[in-house]
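> pasting a predicted model and its sequence here:
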There are 2 protein chains.
Amino acid sequence: MAGYVAGVDLGGTKIYTVLANREGEIVAEVKVPTGAGWGYRQVLDRIAETVDAVCDRAGVSLDAVAAVGAGAPGPLDPRTGVVHQAPNLGWRDVPFRDDLAARLGRPVYLENDANLGALGEYTFGTGRGCSEMVFVTVSTGIGGGLILHGEIYGGAGGGAGEIGHIKVVPGGPRCGCGGRGCLEAVASGTAIARRAREFITAGAGSEILARADGEAEKVTAVTVAAAARAGDPDARAILDEAAGHLGTGLAVVVNLLNPELVVLGGGVMKSGKLFWEPLDRSLREQALEAAYRRVCLMPGALGGRVSALGAVALARRGIGIQSGG
Amino acid sequence: MAGYVAGVDLGGTKIYTVLANREGEIVAEVKVPTGAGWGYRQVLDRIAETVDAVCDRAGVSLDAVAAVGAGAPGPLDPRTGVVHQAPNLGWRDVPFRDDLAARLGRPVYLENDANLGALGEYTFGTGRGCSEMVFVTVSTGIGGGLILHGEIYGGAGGGAGEIGHIKVVPGGPRCGCGGRGCLEAVASGTAIARRAREFITAGAGSEILARADGEAEKVTAVTVAAAARAGDPDARAILDEAAGHLGTGLAVVVNLLNPELVVLGGGVMKSGKLFWEPLDRSLREQALEAAYRRVCLMPGALGGRVSALGAVALARRGIGIQSGG
C-alpha cells in the first residue's frame, strides 16, 4: 500500500537514505559511501540500491513508495531537476532528478541540501509551526535555507539562502567562492581550525595543540571546542571571534527577512554555550531592536539526519501531505 | 460607479495623494504639507481633505472610491493597521488604518512606504513581470522592500526589507539606528553630503564648495553629483566610494534572495552613470557569480510617485485587481 516515501541525502562522501511511513515516521535507514569516483551512473545505481535496501529492511515493496525526495549539494534547479555543479561529485549539468526517477520508476523531487535542512527542521524539528524561518548549518562550510510563508524560498534561480557568502570581514581571509572575508571563511569549522593553527604558528594555543597529539594539522573545530570547555583562554577567544562573526552575518539576515525563528545546525553548534552566548550577544548588538525582539535563535533538533528528513518532507509534499509526523 | 482607488503617500513633510480609475490610470493628484506639528487628528483630517480634493478634481464622488491605499513611514503592522513609531510625525502606536477608514467611510489598506515603493515598481514600473524583485531607495536614508512570488514580503513582524542597516563598514560612521557603518550611514544622500564636508574640512573639495556658494553646510548629494558630472575628481571619488558600499550591501541581498531584478530609486540615482558604473562593478565583484548572472540592476521608473502608486496597487489588490494599468 502506497504512502511510504524515501528521503535521500546525497553527499560527496556518503549517501544516507531513509524510509518514512505514511505518518512520517522513519521505519528504516541506510548509509553507504558515495563512491563518487566511479562516476555518475554508478552513483545513480548506488542510490537506487539504498532505496531498495530501506524497503527490504522495512519489509515494504518498492511499489509502496509513493515518491522519493532527494537532496544534493551545489547549485541545482529544483524545477528542471538538473544539478548544475557538484564539485565533490564531479558532476556538471546532469539531469539527476529525471535519471533517478527513470532508474527507480518512482517520482523524484529534488532540492539542494541546505534548503532541505530548512524544510526538515520546519516539518519535523525545531521549526514546527514557524512559517517564517531561516536555517543555517555551520560545519566545514556554512549553508543556509529559507522557509518563507511555510515554503522553501529559492528565489529566481533556486539559489536563495546563500548565507555563507555574506561578507563580514572586508579584506579578510580568502573564501572558496573567490571573495574575501565571507562568513564561511571566518566562522565555519574549517575557519575555526585554521584560526587555531594560526595561534599555534604564533606560539600560542598550546592546550589546543596538546589535544591534537601535538600535530597542528590534526586540529579541528572539535579540538578547539574541547579545549574551550576545559577552560583554555586561546580556544575560547577563537570560538568567541567565530561566533561574533556569525552574529554579524545573522544580523543581516534577521534585519532583511524579519523571521520569527533562526535554527542553527551543523557540527559547530555542538560547542554549546561557549559558542551560543557570544553568538547571541553579537546578534543582539547588531540587529535592529524590533527584529531582534521578534526573532528566536535555537539549535536544530535533527542533527545529521536533517537533510534526509527534509527530503522525506519534500516527497510528502509532492504527494500532497504538508505536515510532519 | 466604484472601481476608483486613492493612493496616499504620507511623509514627514508632505502628503501626496492620487486617484486612479479602474484601469489603474492616475486621473488626479494633490500634494499638501503634512503639518505634523498640529498632531495626529489634524493629519488624519488633512489626509481626508486630500482624498476629497482628488475626487473633486476628477469629478468623482467619494462613493465611487472603492478603497484607499496608504503608505506611512516607520515600523508599522499592515495586519493590525497600527503605526508603531513614526518619529517624523511624532506618532507612537496609533491605529492609523482604522481611524482613517472611519474618517473616510472607505476601506483602507496600510503598508510602509518602502514596501509600497516595491509594489509600485512591480505593478506599474520597472518591475512589471518580475515576481522576485528587490526595491531599494537611496535618498536621505536607504530603504528597501521585497517582492517575493509577486507579493510584498514583510516577514514575521512586517519589518522585512531593512536594507539600509546592513553593516558594510565595520566600525564605520555612526548610523541613526545606533549601529556603526550601516549602508545608510555610508551610501545615502546624507552620507554623501557628510563625506563631502569631510573633504572640505580637510582642505579638499573646492569645486564642490564653490557649487554650494562657498558654504559647507549647504552641500548636498545633488551638489556632489553636479561637481562629479563637471569632472571634479574629489566629487567622483565620493560617489565611487558610496556606490561601492551600496554594491557591497546589494551583493548580500542578491546572494541571499537570488532575485531576478533589483530596482533602484531615490534621489541619489539621478547621479546617473557616475554612480551606476561603480555600483555595478562593486556588485559584480562581490556577488556570487550565479546570482550576479541571474539578476538585472535597473533604475526605477516612477520617481517620487512610487509610493503613492504602490498605495494605488495595494488598494487595487484589496478590491481584487492584481495587475497594473
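Done, it's in.

> look at the closest residue to chain B within the stretch 201-325 of chain A and say how many residues are nearby.
For the stretch 201-325 of chain A, the residue closest to chain B is residue A:258, as judged by Cβ to the nearest Cβ, at 2.8 Å. C-beta: built from backbone N, CA, C; applies to glycine. Neighbourhood size, residue A:258 [other Cβ atoms under 10 Å in any protein chain shown]: 25.

> from residue A:40, how far off is the residue nearest to it when sequence neighbours are not counted?
Once flanking residues are discounted, residue A:258 sits nearest to residue B:155: 2.8 Å by Cβ to Cβ, 6 or more residues apart in numbering or on different chains. Residue B:155 sits at a distance of 40 Å from residue A:40 (criterion: Cβ to Cβ, to the nearest Å).

> where in chain A is pLDDT low?
For chain A, applying pLDDT under 70 flags the ranges A:1-2, A:324-325.

> could you give the angle of the top helix by length along chain A to helix B:233-257?
Looking across chain A with DSSP state H, the single longest helix is helix A:233-257. Calculated by axes from the mean of the first three to the mean of the last three Cα atoms, to 10 degrees, helix A:233-257 forms an angle of 90 degrees with helix B:233-257.

> for chain B, give me its nearest residue in the stretch 1-150 of chain A.
The nearest approach of the stretch 1-150 of chain A to chain B comes at residue A:132, 4.2 Å away (Cβ to the nearest Cβ).

> tally up the residues packed near the residue nearest to that residue when sequence neighbours are not counted, please.
The spatial neighbour of residue A:132 that comes closest, neighbours along the chain excluded (Cβ to Cβ, 6+ apart), is residue B:156 at 4.2 Å. Neighbour count for residue B:156, taken as other Cβ under 10 Å: 20.

> the following helix or strand past the longest helix of chain A packs against which elements?
Counting by DSSP states H and E, the next helix or strand C-terminal to helix A:233-257 is strand A:261-265. In this structure, strand A:261-265 packs against helix A:113-124, strand A:133-138, helix A:233-257, strand A:296-299, with contacts taken as 3 or more Cβ pairs under 8 Å, 6 or more residues apart in numbering or on different chains; DSSP states H and E.

> neighbouring strands of strand A:261-265 in the sheet, and parallel or not?
Applying DSSP bridges, strand A:261-265 is found paired with strand A:133-138 (parallel), strand A:296-299 (parallel).

> now it against helix A:113-124, angle please.
Interaxial angle of strand A:261-265 relative to helix A:113-124 (the same axes, to 10 degrees): 120 degrees.

> quick one: distance of strand A:261-265 to the chain centre.
What separates the centre of strand A:261-265 from the centre of its chain is 11 Å, taken as Cα atoms, centre = their mean, to the nearest Å.

> same question for stretch A:137-145.
With Cα atoms, centre = their mean, you get 5 Å for stretch A:137-145.

> list the buried residues for that stretch?
For stretch A:137-145, the neighbour count (16 or more other Cβ atoms under 10 Å in any protein chain shown) marks A:137-139, A:141-145 as buried.

> tabulate the residues you listed (CSV), appending distance to residue A:110.
As requested, these are arranged in CSV below (distance: Cβ to Cβ, whole Å):
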residue, distance to residue A:110
A:137, 19
A:138, 24
A:139, 22
A:141, 20
A:142, 22
A:143, 16
A:144, 18
A:145, 14
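
> from the residues you listed, which single one is nearest residue B:218?
Nearest to residue B:218, judged by Cβ to Cβ, of these is residue A:144 at 45.8 Å.

> that closest one pairs with what?
Assigned bridge partners for residue A:144, using DSSP bridges, are residue A:136.
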